[in-house]
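Peer 1: model the structure of this input:
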Amino acid sequence: MICLTACMALQMTSYVMIVPLFARRFTELGAGVEALGISAMAYALAATVAAPFMGALADRFGRRPIILASLAVYILAFTGYRFAATATAFILLRGLAGALTAGLMPAATGMVADLAPSDHRAQWIGILSGGASIGWIAGPVLGGLLYDRWGYGTALFISIGMAALAFAIALAGVQETHTRRSPARSDAGSRRPRYQMSWAAMRATLPIAMAPLAVVLLTYFVVMFAWAFIEPSFMFYAYDDLGWNASMLGLMMSTYGVSMMLGEFGLGRLSDTLGRKPIIVMGLLLFSAQFLGLAFSRNYLVIAIAFVIAGLGNALFDPALSAALLDSTPSRYHARMLGLKSTFGSAGNILGPALVVVFAAMLPPQGIFLASAGSVLLTALIVVSFRNKTTVREPSIQTDIVRNELR
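Peer 2: Numbering: from 1, shown residues only. Below you'll find the predicted structure:
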């Protein structure tokens, strides 16, 4: 767990430190907000398609190979970002990176689920997410300072080095936690395929009650959409309208990261004790503060306070959403279900930039910020009004259903 959390901290730092610089890089390449939005959409689209397959691979072949492969791809992707000479090449690289790293979070969270007892599940997911949140603290500030002082190339070089260090730590210190089981066979000499494609077999991997699952996936889709929808406009708005430099933008994102990290380390277990639903609702309400702050204020301090509140909200709802999925899913399908969650999040990351490309010329930045706030608040209302209870299917019963289907 220590090695895995350290890997996530390093990997997220290396990634987040260059994300605020993408707007500057596209400007240097003669492109603008539309190209930046398309690049984010390419990353998310590829991740959407790949995440369920990567999650299934982590369940079948183990968590460790997927984690190592994803970390290796980040090294190659960052190197490509350094030498991409056109906006088109940059967009293609982001798409490939999205597809080949989509299994990292499902595999890592699945590893936590393998190790953590069910009544402490959200707490340990919060600790893993807290490690990743360190990247939101150190990454943007470090990237902004490096860019302002030495330029894009130096920032990418440091990012590649940190990604390589994360891979080395994972290679040396992260062990496999998933026990792979062979399904029962009806005849000793049977040569039928080990896995059969049918609705019953696929349905056996899902919770009995589908409505709560749909609400969880919808919630994750909306929160990812809300940020993806404002991100391209926010970057250019910060630079062009508010007059921030790269260091100021990095500090703002780091402020969010500090709040999220402290919340995940300190509040991650609240949904284990108070229930998933109230914590998710509270998290969504707080999460909307960043969009409202950007919409109604140009003051740097006021916006920073709004980002602190939003970071706490993220720290509340994210572990609770993952834990809600794992509560009703057998351990043998944990990574697969987390891959499904990632797919819905990536779908939000696709739709957000796609709509920005359409509406950037029609709506002012404040209108885009308010639209994101409204979508999050409406989702909170849906969660509040949802009254069905999640039905938990025990792993032993689930396994019997799958084995019967295979027979």
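
Peer 1: CA only for contacts and neighbour counts going forward, please
Peer 2: Noted.

Peer 1: for Arg64, what are its contacts?
Peer 2: Shown in contact with Arg64 (Cα atoms under 8 Å, 6 or more residues apart in numbering): Ala58, Ala107, Val174, Gln175, Glu176, Thr177.

Peer 1: just the buried residues out of those, in PyMOL syntax.
Peer 2: In PyMOL, this line selects whichever of the contacts of Arg64 come out buried by 16 or more other Cα atoms under 10 Å:
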select buried, resi 58+107+174+175
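
Peer 1: which one of the contacts of Arg64 is nearest to Val356?
Peer 2: Closest to Val356 out of those is Ala107 (30.9 Å), distances taken as Cα to Cα.

Peer 1: tell me which element that closest one is part of?
Peer 2: Here Ala107, judged by DSSP states H and E, is contained in helix 104-115.

Peer 1: list the buried ones in that helix?
Peer 2: Buried residues in helix 104-115, counted by 16+ other Cα under 10 Å: Leu104, Met105, Pro106, Ala107, Ala108, Thr109, Gly110, Met111, Val112, Ala113, Asp114.

Peer 1: SS state for Arg298?
Peer 2: Classification of Arg298 using DSSP: H, G, I helix; E, B strand; the rest coil returns coil.

Peer 1: which parts of the stretch 151-300 of the chain are helices?
Peer 2: For the stretch 151-300 of the chain, the helices defined by DSSP state H, counting those that start in this stretch cover 152-173, 199-203, 210-236, 246-267, 270-274, 276-287, 289-296, 300-327.

Peer 1: out of the contacts of Arg64, who's nearest Tyr256?
Peer 2: Of all the contacts of Arg64, Ala107 has the smallest distance to Tyr256: 25.2 Å, by Cα to Cα.

Peer 1: name the nearest residue to the closest one, sequence neighbours excluded.
Peer 2: Of all residues not flanking Ala107 in the chain, Arg63 sits nearest, at 5.0 Å (Cα to Cα, 6 or more residues apart in numbering).

Peer 1: can you count the residues close to that neighbour?
Peer 2: Arg63 has 29 neighbours, counted by other Cα atoms under 10 Å.

Peer 1: so it touches Glu176, yeah?
Peer 2: Yes - using Cα atoms under 8 Å, Arg63 is in contact with Glu176, at 6.3 Å.

Peer 1: and for those two, which residues touch both?
Peer 2: In contact with both Arg63 and Glu176: no residue, using Cα under 8 Å, 6+ apart.

Peer 1: what's the mean pLDDT across stretch 248-268?
Peer 2: For stretch 248-268, mean pLDDT is 82.

Peer 1: test my guess that Ala246 contacts Leu21.
Peer 2: Yes - between Ala246 and Leu21 there is a contact under Cα under 8 Å: 7.4 Å.

Peer 1: now for the two: what residues contact both?
Peer 2: Gly144, Tyr147.

Peer 1: distance-wise, check Asn245 relative to Leu76.
Peer 2: Asn245 sits at a distance of 28 Å from Leu76 (criterion: Cα to Cα, to the nearest Å).
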